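Asker: what follows is a predicted structure for the sequence shown.
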Amino acid sequence: MLKSNTAKFAAAIAGAAFALSAFASPAGATTLSDLQASLASITAQIAALQGTSATSAGYTFNTNLTVGSTGPGVVALQNLLISKGFLTMPAGTAEGYFGALTKRAVAAWQASVGISPTSGYFGPKSRAVVNAMVVTTTTGGTTVGGTTVGGTSTTGSTSTTGSITTPGVEGVLSVTSGPISNSVVNVGQQKVPILTVRSQAQNSDIAVQRITVDLGSSTNIYNKVYQNLYVVEASTGNVVAGPFPLNSSTVVQSGSNYIVTLSGFSYVVPKGTYRDLQIAADLYSSINTPYLSATAGAYTVSVDTNGVRGIDGAGIDQYGPTSGSISQAITVNASLVDNSIANVSTDASTPQTNTIPVTDTTNNQYLQLPILTFDVGAQNDTVHLHNLAIKVLANGTGSVGAAYLYQGSTQISSASVVGASTGVAGTATFSNIQDGTAGASIPINTTVPYTIKVDVTGVSSGSIAVSASTTNAAGGTTIYNSTDGTVNSLNGIAQGNTQTVLGIGPQFTIVGSPTIVASGANQTGNTQATSTVTATFTVNAKSIGTNVWFGTQASSSHPMFTFTVYNAAGTSINGTGSSNLNGAGLVTATSSGFIVPTGSGFLTTGQGLNAFELPQQQTGTLSNITFTFAGKDSTGAVLAGGPFSVEISSINSSNGDPQTTSTFNSQAYMHGLSSWRTPSINVN
């Protein structure tokens, strides 16, 4: 290919020499215009062989062209018409002579862009449109106002976004300030926004091609603070242009201030819309204290009057803002490392309050019981756990001897729980976690969840309630920044819920989602004829280590379930009496029950009055558990404060035969849990 092109290039040169020799022949009958056309054609052929367009970058049409015209202007015009599909030349490339073919092509192009009359005469109207169009060399397309149509702009560092779709139309550019999410930057940050410029196009698309930034009256802002600037599309974060280095060669003094011009791009704002472009900056990786905002004050950057230039569809420069300036004061803080922050909080997935059986009934233990999930958020810098202190509280039969720190399925560390006794919290300290330990690092501006698990042992009878919480730095928690120094600020603690581990007794779980419905209609007056509200639940029960007995809901002394009714404010409105005074505004007329189970592990015969039994290690389901209350209080007034919801608040059972013992145990861990509560509903 190289040899072929070289041969063609040589042939073109030879042809040029031959043509030029004809110029010197006094006997030649060739006219001057013919020679100019031949020379233009040869120039175009050479340019084509060199892989370039004969149309030069930034070519400006400044003369009228018509039949008989020759020269580089005709070559440029013909190349444009060829690229847009209006002209096909016999030689396959521009000839440099404006003839009948070119005239017809110009007329067709004029019709396509709305120029009248479509005479084929390339005059002032046509020149204005084309001068707004052909501003850069392109590959596979024509560049309009610095914006490529059907190709990609490749002129130097010039970048183009969008295309002018309103050729020949004059527009108006309005420039105002746009939103910016930060007014504080840190040493070493890259491409951080420091000013937002909003450009609005009216009547015509406008290609924004230059933004002049006022850096203020001190050279410190570009010698000590900002190293590079960028033009960034606010909606996507894409860099439109840059980096623009800030130094004595690029920054110039204008009056008492220093300015830098950001150009070499073309960003089209469609007619009738606005676009936000951000000025973003790279900060020096090291900034001495005298130049930080705490000492030097805030740094202000601005775009002054006419600091933004755009080109409309008619090729006319448009400027903004027309008066005043857009400015933003930026506080420059110390480095990201020096401003590192770790935020600790309870994760939403932390285990809810629950009663759980031992997993090893032979040894009466639950190893690695999850009791707390917490989050660590890294702000301004990547941080990692170094020391972590966890308080563990255990009350009941059994003990907690070991604790484990996990990130997902990765175990990071383990520790003994020290100093724990009944009612007194012990501490598990995960110490000297080295930087690089899998799972211990929290990347900058992210949040990572961690889980604490404990070994619960010796639960041979009864149960043990276990909970955990993190402690602050004073209590033994240390989080390091990316240079292994303590973070500048450690905020928050995480508190887990109580997990009750059963050695013997019943375990209850809610099945599905409780429901609630209202029926009937309230009547006026004091009559108790009213609507009713009914809540329905399903509960699974499992007996751990012993047989478990339950009283039925009909039992007057030991009903299996207790219920709570809540108003919209979350306040209990359960009533306690039937008098007008005690019952005013409260739920007083209620009933509850469920179908005494048969089969599924339950024993219902020979259990005494209002009782049934669940044998050891058996599981059964209690379905159609209902609680109904009236829509009026004891005064006859319709209940106010709705909508209302209903909760199972406690479940009663006995580990001994109720015919020989009166000892019943109540589990109320579900009280206050949303999973044990119905949705809300208004009475009819």
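Answerer: Thanks, I have it.
Asker: let me see the mean pLDDT of whichever strand or helix holds Val75.
Answerer: Per DSSP states H and E: Val75 is located in helix 72-83. Mean pLDDT, computed over helix 72-83, is 86.
Asker: list the buried residues of whatever helix or strand comes next after it.
Answerer: The helix or strand immediately downstream of helix 72-83 is helix 100-113, counting by DSSP H and E. Buried residues in helix 100-113, counted by 16 or more other CB atoms under 10 Å: Leu101, Thr102, Lys103, Ala105, Val106, Ala107, Ala108, Trp109, Gln110, Val113. Where you see a C-beta, it was placed from the backbone N, CA and C, and this is true even at glycine.
Asker: farthest-separated two in those residues?
Answerer: Using CB to CB, the pair of the buried residues of helix 100-113 lying farthest apart is Leu101 and Val113, separated by 19.2 Å.
Asker: which one of the buried residues of helix 100-113 is nearest to Ser467?
Answerer: For the buried residues of helix 100-113, the nearest to Ser467 is Val113 (76.2 Å; CB to CB).
Asker: how about the nearest residue to the closest one once chain neighbours are set aside, phi and psi?
Answerer: Excluding the flanking residues, the one nearest Val113 by CB to CB, 6 or more residues apart in numbering is Pro167, at 4.8 Å. Here is the backbone geometry of Pro167 (degrees, to the nearest 10): phi -60, psi 140.
Asker: Pro167 and Asn223, how far apart?
Answerer: Distance of Pro167 to Asn223, given as CB to CB, to the nearest Å: 44 Å.
Asker: could you do Phe537 as well?
Answerer: 72 Å.
Asker: counting neighbours, go ahead and name the busier of those two.
Answerer: Using other CB atoms under 10 Å as the criterion, Phe537 and Asn223 rank with Phe537 on top: 26 against 16.
Asker: that one: what secondary structure?
Answerer: State at Phe537, reduced to three classes by DSSP: H, G, I helix; E, B strand; the rest coil: strand.
Asker: list the contacts of it.
Answerer: Taking CB atoms under 8 Å, 6 or more residues apart in numbering as the contact definition, Phe537 lies against Ile510, Pro514, Ile625, Thr626, Ile648, Trp676, Thr678.
Asker: filter those to the buried ones?
Answerer: Burial by neighbour count, 16+ other CB under 10 Å: within the contacts of Phe537 this picks out Ile510, Pro514, Ile625, Thr626, Ile648, Trp676, Thr678.
Asker: about what we covered before: and the residue nearest to Val113, how many neighbours?
Answerer: Burial of Pro167 is recorded as 23 neighbouring residues (other CB under 10 Å).
Asker: do Val454 as well
Answerer: The burial count for Val454: 26, using other CB under 10 Å.
Asker: can you offset everything so residue one is 184?
Answerer: All right, first residue 184 from here; so that's Val637.
Asker: test my guess that it contacts Pro534.
Answerer: No: using CB atoms under 8 Å, Val637 is not in contact with Pro534; the gap is 11.6 Å.
Asker: how about Lys407, what does it touch?
Answerer: Counting by CB under 8 Å, 6+ apart, Lys407 touches Tyr467, Ile470, Asn471, Tyr474.
Asker: need the buried ones from those residues selected in ChimeraX.
Answerer: Only the buried entries of these go into this ChimeraX selection, using 16+ other CB under 10 Å:
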select :467,470,474
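Asker: now the contacts of Lys407 in CSV, with distance to Ala274?
Answerer: CSV is the format used below for the contacts of Lys407 (distance: CB to CB, whole Å):
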residue, distance to Ala274
Tyr467, 57
Ile470, 62
Asn471, 66
Tyr474, 64
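Asker: let me know the closest of the contacts of Lys407 to Met743.
Answerer: Ile470 (69.9 Å).
Asker: how near is that closest one to Val607?
Answerer: Look at Ile470 and Val607: by CB to CB, they are 50 Å apart.
Asker: just list whatever residues bridge to Leu248.
Answerer: Beta bridges link Leu248 to Phe305, judged by DSSP bridges.
Asker: quick check, pLDDT for it.
Answerer: Looking at Leu248, its pLDDT reads 93.
Asker: same check, this time on the one 3 residues further on
Answerer: In this prediction, Gly251 carries a pLDDT score of 91.
Asker: ok, how many other residues are close to it?
Answerer: The tally of other residues near Gly251 (other CB under 10 Å) stands at 11.
Asker: neighbours of the residue lying closest to it once chain neighbours are set aside, how many?
Answerer: Among residues not flanking Gly251 along the chain, Phe281 sits closest, at 6.3 Å (CB to CB, 6+ apart). Using other CB under 10 Å, Phe281 is surrounded by 23 other residues.
Asker: please enumerate the helices of the protein.
Answerer: Along the chain, counting by DSSP state H, helices occupy 185-206, 215-232, 255-266, 283-296, 307-316, 403, 476-479, 763-766.
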